[in-house]
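Undergrad: Predicted model, plus sequence, below.
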Amino acid sequence: MDNVHGGDIYSYGDALDFSANINPLPMPPGIAAAVRRSVGQLRHYPDPSCRGLRRALSAYHGLPEDFFICGNGAAELLFTLVFAYRPKAALTAAPSFLEYEAALRAVGADVRRFLLSEKDGFMPPDSFLDALDETLDMAFLCVPNNPTGVLPPKDFVSAVADRCRERRILLVLDECFLDFLPRREQASFLEETKRNEYLAVLRSFTKMYALAGLRLGYAVTGNQRLLARMYACRQPWPVSVPAEAAGIAALKETAFAERSRQYIHKEAAYLTRELGALVQKVYAPAANFIFFRDKGGLWEQCLARGILIRDCSNYAGLESGYYRVAVRLHEENERLVRTLAAVKDNG
């Protein structure tokens, strides 16, 4: 399962997919209309600098336009960033997003895992700061973390960012799920990119706007040398014409995003409560997915009943019996609860 991710509908197309953490609400008509309008431009190459989208991002976040680089999803930018920086040694928390290690190993970096403890609820402890020593070039932190859903306190993340700046370690903060938080602006570190050149933030359109199939993300940093290297080592046209059009339109959908946050908060509370009565342990969610522990074999038993969940046993630091489910529409969430209840009834 080393390279397994969620969302594999191509292998399990008949199953209801709870394995990919995508906004369940329908895509706003404005985004779909922007993609359709872009069809007339498909005979032209995309803008390699994504100037239209970068201008829109600059206005949306209140940061200089030259702080942004856009790509074929946040995962593509993650690889571009690592290839540009070429760290010799890097620290990652575990469990966390699989692609951090994949990108680091692709450049031959020494990958050091800081194992998060279940007894601490997988919250990074203060000792994580001690692991940020002078032998490192890069560190990764996912806020909120995937797959655990844990959101470290902002004071802790600030201390990590300060330690990295002091020791000249590039800190990559993955904020791809931050859009689902009610107080996302207070939790974000985008503003800190103005003051800390050893900070890069990853963001994605995939989750909130349900654009996984279109692929669009961006990175933010005030480190112009790093950005120049990223532009130099990436492919020439990573963002398609429809993807850029979709991104520009998505940034205008503030009402949709707020409605999505409210809906997902309500449904996450429902799923947390219902799953709590069915499985061994449920971890409090910060984003649009629920992380839980139960007996092994649950993935297979759910799939046999037409439900695809995320088996998390291929995450470093986890083992058989850890699972993740996305928050979907209420009637779909009810079906998941009924399915898990049926699994329990059958032993």
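TA: Looks like it came in fine. Residues are numbered from 1 along each chain as shown.
Undergrad: Residue 113 and residue 153, how far apart?
TA: Separation of residue 113 from residue 153 (C-beta to C-beta, to the nearest Å) stands at 22 Å. Where you see a C-beta, it was placed from the backbone N, CA and C, and this is true even at glycine.
Undergrad: more neighbours, these two?
TA: A direct count of neighbours by other C-beta atoms under 10 Å for residue 113 and residue 153 places residue 113 higher, at 15 against 11.
Undergrad: Could you pull up the residues touching the spatially closest residue to the more buried one that is not a sequence neighbour?
TA: Sequence neighbours aside, residue 94 is the residue nearest to residue 113 in space, at 4.3 Å (criterion: C-beta to C-beta, 6 or more residues apart in numbering). Contacts of residue 94 were listed using C-beta atoms under 8 Å, 6 or more residues apart in numbering, and they are 113-116, 315-317.
Undergrad: likewise residue 163?
TA: 129, 132, 169.
Undergrad: Are we agreed that the first one is in a helix?
TA: Yes. Secondary structure assignment places residue 129 in a helix (DSSP: H, G, I helix; E, B strand; the rest coil).
Undergrad: Provide a list of residue ranges in the chain with pLDDT below threshold.
TA: Where the chain drops to pLDDT under 70, the residues are 1-4, 347.
Undergrad: what about the helices in it?
TA: 29-38, 51-61, 74-85, 99-106, 127-130, 154-166, 184-187, 206-209, 224-233, 241-250, 254-276, 298-303, 330-345 (DSSP state H).
Undergrad: May I see the buried residues of the fifth one?
TA: Neighbour counts over helix 127-130 (16 or more other C-beta atoms under 10 Å) mark residue 128 as buried.
Undergrad: possible to save the helices of the chain as JSON lines with distance to residue 199?
TA: Shown next, in JSON lines, are the helices of the chain (distance: least, C-beta to C-beta, whole Å):
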{"stretch": "helix 29-38", "distance to residue 199": "30"}
{"stretch": "helix 51-61", "distance to residue 199": "14"}
{"stretch": "helix 74-85", "distance to residue 199": "12"}
{"stretch": "helix 99-106", "distance to residue 199": "16"}
{"stretch": "helix 127-130", "distance to residue 199": "16"}
{"stretch": "helix 154-166", "distance to residue 199": "6"}
{"stretch": "helix 184-187", "distance to residue 199": "15"}
{"stretch": "helix 206-209", "distance to residue 199": "22"}
{"stretch": "helix 224-233", "distance to residue 199": "10"}
{"stretch": "helix 241-250", "distance to residue 199": "22"}
{"stretch": "helix 254-276", "distance to residue 199": "24"}
{"stretch": "helix 298-303", "distance to residue 199": "37"}
{"stretch": "helix 330-345", "distance to residue 199": "36"}
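Undergrad: just these: most buried one?
TA: helix 206-209 (a mean of 24; mean count of other C-beta atoms under 10 Å).
Undergrad: and the contacts of residue 94, which two are the farthest apart?
TA: 114 and 315 (13.7 Å; C-beta to C-beta).
Undergrad: contacting residues around residue 219?
TA: Neighbour list for residue 219: 68-69, 71, 74, 77, 80-81, 200-203, 230 [criterion: C-beta under 8 Å, 6+ apart].
Undergrad: give me that answer again for 6 Å
TA: Neighbour list for residue 219: 69, 77, 200, 202 [criterion: C-beta atoms under 6 Å, 6 or more residues apart in numbering].
Undergrad: Which ones among those residues map onto strands?
TA: Among the contacts of residue 219, the members found in strands (DSSP state E) are 69, 200, 202.
Undergrad: hang on, the last one packs against residue 74?
TA: Looking back up the chat, that one is residue 202. Yes. The criterion here is C-beta atoms under 6 Å, and residue 202 meets it with residue 74 at 4.7 Å.
Undergrad: give me the number of residues near residue 8?
TA: Other residues close to residue 8 by other C-beta under 10 Å number 15.
Undergrad: Could you do residue 142 as well?
TA: Count around residue 142 with other C-beta under 10 Å applied: 25.
Undergrad: Same question for residue 216.
TA: Based on other C-beta under 10 Å, the number of other residues close to residue 216 is 29.
Undergrad: Would you list the phi and psi of it?
TA: phi -160, psi 130 (degrees, to the nearest 10).
Undergrad: Do I have it right that it meets residue 204?
TA: No. Using C-beta under 6 Å, residue 216 is not in contact with residue 204, being 7.4 Å away.
Undergrad: Residue 241 and residue 37 touch, don't they?
TA: No. Using C-beta under 6 Å, residue 241 is not in contact with residue 37, being 10.1 Å away.
Undergrad: thinking again about what came up before, right, and the helices of the chain - which one's nearest residue 7?
TA: Evaluated over those, closeness to residue 7 peaks at helix 206-209, with 10.1 Å, by C-beta to C-beta.
Undergrad: now what about that closest one, what contacts it?
TA: 21, 23, 179, 212, 250, 257.
Undergrad: Let me have these in a markdown table, extended by distance to residue 281.
TA: A markdown table is the format used below for the contacts of helix 206-209 (distance: C-beta to C-beta, whole Å):
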| residue | distance to residue 281 |
| --- | --- |
| 21 | 20 |
| 23 | 26 |
| 179 | 27 |
| 212 | 29 |
| 250 | 36 |
| 257 | 31 |
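Undergrad: ok, those residues vs residue 263, which is closest?
TA: Checking the contacts of helix 206-209 one by one against residue 263 (C-beta to C-beta), the nearest turns out to be residue 23, at 8.8 Å.
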